[in-house]
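Student: predicted model follows, preceded by the sequence.
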Amino acid sequence: MHRPSIYLFLSVLLSLTACSSSRNATPGGTGEKFYEIQRKQSIQRVRFVKIGSETNQVDIFFMRNGSNNYGAVTNLQLSYSSGSLHHTMNSAQIRYIDTPFDARVHYFVPSKFNASMIDCELDFTLTAPGHWRVYLYN
């Protein structure tokens, strides 16, 4: 019977999951969150990841089924407290932000079977400077 190896595998998996989730939510591992979501409508999940401290910017990615869905986003409206907007092939970037940074993201995406359009909205605040990625999952 190989129970010890299964237990070892599960304990390693749990520790890796705990490390990655704390890294994503709390830079520096302090346990303090550096973002707050005020409103979330028709978005299944939101993930904030701080990837660096060299620049102060926010990259917003629109995801579906594990891949980028930016091409299907329509009527994208972004309101934000500071910075300048740049569009790339797979994300919307707001560069040169000041913290605290407030943003509202409003857009439409097709439903799972492309039968209708879903109205999505997210209001959030970032309180820590740095280069952030925000993943919106529909």
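Tutor: Received, thanks.
Student: please look at residue 72 and residue 109 and confirm they touch.
Tutor: Yes: counting by C-beta atoms under 8 Å, a contact exists between residue 72 and residue 109, whose distance comes to 5.5 Å. All C-beta atoms are positioned from the backbone trio N, CA, C, and that covers glycine.
Student: now the common contact residues for the two.
Tutor: A shared contact of residue 72 and residue 109, defined by C-beta atoms under 8 Å, 6 or more residues apart in numbering, is any residue touching both; here these are 62, 64.
Student: and the two? Which one has more around it.
Tutor: residue 109 (22 against 15; other C-beta atoms under 10 Å).
Student: so what strands line up beside the host helix or strand of the more buried one?
Tutor: When elements are assigned from DSSP states H and E, residue 109 belongs to strand 101-110. Here strand 101-110 has these sheet partners by DSSP bridges: strand 74-80 (antiparallel), strand 117-126 (antiparallel).
Student: and those strands as CSV, adding distance to residue 46?
Tutor: Supplementary listing: those in CSV, determined by distance: least, C-beta to C-beta, whole Å:
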stretch, distance to residue 46
strand 74-80, 15
strand 117-126, 6
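Student: buried ones in the strand holding residue 109?
Tutor: Of the residues in strand 101-110, those buried under the neighbour-count criterion (16 or more other C-beta atoms under 10 Å) are 101, 102, 103, 105, 107, 108, 109, 110.
Student: excluding chain neighbours, what is closest to the second one?
Tutor: Okay, so that is residue 102. Spatially, and ignoring its direct neighbours in sequence, residue 102 is nearest to residue 81 (4.3 Å; C-beta to C-beta, 6 or more residues apart in numbering).
Student: measure residue 55 to residue 119 for me?
Tutor: Counting by C-beta to C-beta, to the nearest Å, the separation of residue 55 from residue 119 is 32 Å.
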